[in-house]
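Enquirer: Predicted coordinates and the sequence they were generated for:
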Amino acid sequence: MARVLVIVPFPLAGEQLALRRDQMKAVRLGPDIDFDFRPVKAGPGNHVSHHDYVLADVAMLEAGLRAQDEGYDAVCIDTMSDSGVAALRSMLDIPVIGPGRASMLMALMLGDRFSIVTMWSQWKPLYTKTLNDLGLHHKCASIRTIGARPDNRNLLGGKEEEIFPLLAAAGRQAIEEDGADVLILGSTTMHQAHAYLSRELPVPVINPGPLTYKLAELALGLGLTHSRKSYPRPLTPKPEMFEAMLAAAAASETGKR
C-alpha cells in the first residue's frame, strides 16, 4: 500500500481538517494508495504578503521534512501557493507535488488558454509568481475574482447560495470575454464549488487538490520523482532547527489563545 502525506497549510483539527480531506471524494484512485492529512503546527493567517509566504514555506517544510523516514511514498501540498514544494524537494527523494504549477500545466493539456477563478484579489500575486516561473503569462487569459474574503477554516459551507453563483458568473466572463478554454479554481479551499461549476460552465474546471492526489498516484506508478539537478540537497541539512522553530511558534500561538 502506497502512502501519501497531504500537508494542510493551517493548524486545523477536527471538522475543519475533515473539510480538507473531503477533497478525496472528487477523485477516483486505486485501492493500493492511501492519504493522510497533516496540518502545520503554526503558520500565517493567510497567504497575501511576502511575510506570509516565508512563514508558509517554513511551516510546510517542517511538517513534511520527515515524511520519507516516516514511510510515506509521496507528499502533496494543499495550497495553490505551492508553499514548501521546492524546499521539501531538496530534502526528500519521494515525489512532492503542489497544485499551483500542476493545475496550470494540466490546463494546457486540455485547452489553449486558461483562466483562474478565485475569491479575492489579494491572492493574485501567488498566481503571478507561478506564471512568472513557468513563463506562461501569454497562456493565462485572466484572473477573475469575486471580491469575497475566504474562510480558510470553514471553507464555503453555509455560503453556497451566495458564493457559487458568483463564481459561476466570473467563470462565464472568463470564457466569454477573456477567451478561456479551461478554468482553474484559485484555491483548494474552494473545492466544494467544483461540482457546481462543472455543471454550470461549458469548459473543463480543474479542482487543484484532487489533481495532486492523482498526480501522486501517477508519479508512483511510473517511478518518477523530481530531478536532483533542479533540487540539490543542502550541504548541511538542519531539520532540527526547523522543528525547534515550529515547536516554539506553536507554543507561542497556543499562549495567545
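Expert: Ah, there it is.

Enquirer: which residues touch stretch 118-129?
Expert: For stretch 118-129, the external contacting residues (CB atoms under 8 Å, 6 or more residues apart in numbering) are 46-48, 80-81, 100, 116, 140, 143-150, 185-187, 189-190. Backbone N, C-alpha and C define where each C-beta goes, glycine included.

Enquirer: Now with 6 Å, please.
Expert: 48, 81, 116, 143, 145, 148-150, 186 (CB atoms under 6 Å, 6 or more residues apart in numbering).

Enquirer: And the residues you listed, which is the shakiest by pLDDT?
Expert: Within the contacts of stretch 118-129, Pro150 has the lowest pLDDT, namely 88.

Enquirer: Quick check on the residue nearest to that residue when sequence neighbours are not counted: phi, psi?
Expert: Distances taken as CB to CB, 6 or more residues apart in numbering put Met119 closest to Pro150, at 4.4 Å, once the chain neighbours are dropped. Dihedral pair for Met119: phi -80, psi -50, per degrees, to the nearest 10.

Enquirer: How many residues are close by Met119?
Expert: The number of residues packed near Met119 is 24, by other CB atoms under 10 Å.

Enquirer: mind checking how far it is from Val6?
Expert: Distance from Met119 to Val6, counting by CB to CB, to the nearest Å: 21 Å.

Enquirer: just to revisit the earlier point, for the contacts of stretch 118-129, work out which two are farthest apart.
Expert: Within these, Ser81 and Ala148 form the most distant pair, 18.4 Å apart (CB to CB).

Enquirer: Tell me how far the residue nearest to Pro150 lies from Phe10.
Expert: Counting by CB to CB, the separation of Met119 from Phe10 is 15 Å.

Enquirer: got it, and Gln16?
Expert: According to CB to CB, Gln16 stands 8 Å off from Phe10.

Enquirer: Those two: who's more crowded?
Expert: More neighbours surround Phe10 than the other of Gln16 and Phe10, with 22 against 17 (other CB under 10 Å).

Enquirer: how many other residues sit next to Tyr213?
Expert: 23.

Enquirer: That one: helix or strand, and which one exactly?
Expert: Using DSSP states H and E, Tyr213 maps to helix 208-222.

Enquirer: how about that helix: buried residues?
Expert: Buried residues in helix 208-222, counted by 16 or more other CB atoms under 10 Å: 208-217, 219-220.

Enquirer: Stretch 27-39 now?
Expert: Of the residues in stretch 27-39, 29, 33, 35, 37-39 count as buried by neighbour count, 16+ other CB under 10 Å.

Enquirer: With stretch 192-209 instead?
Expert: Buried residues in stretch 192-209, defined by neighbour count with 16+ other CB under 10 Å: 192-194, 196-197, 200-201, 203-209.

Enquirer: to the chain's geometric centre, what's the distance from it?
Expert: In terms of CA atoms, centre = their mean, to the nearest Å, the centre of stretch 192-209 is set 16 Å apart from its chain centre.

Enquirer: again with stretch 229-238
Expert: Remark: stretch 229-238 is offset 23 Å from the chain centroid, using CA atoms, centre = their mean.

Enquirer: May I have the distance across it, first residue to last?
Expert: 21 Å (CA to CA, to the nearest Å).

Enquirer: Now that we have the contacts of stretch 118-129, which of them are buried?
Expert: Buried residues within the contacts of stretch 118-129, counting neighbours by 16+ other CB under 10 Å: 48, 81, 116, 143, 145, 150, 186.

Enquirer: Pull the contacting residues for the last one.
Expert: When contacts are counted by CB under 6 Å, 6+ apart, Gly186 touches 116, 118.

Enquirer: Over to the fourth one?
Expert: Taking CB under 6 Å, 6+ apart as the contact definition, Ile143 lies against 116, 124, 127.
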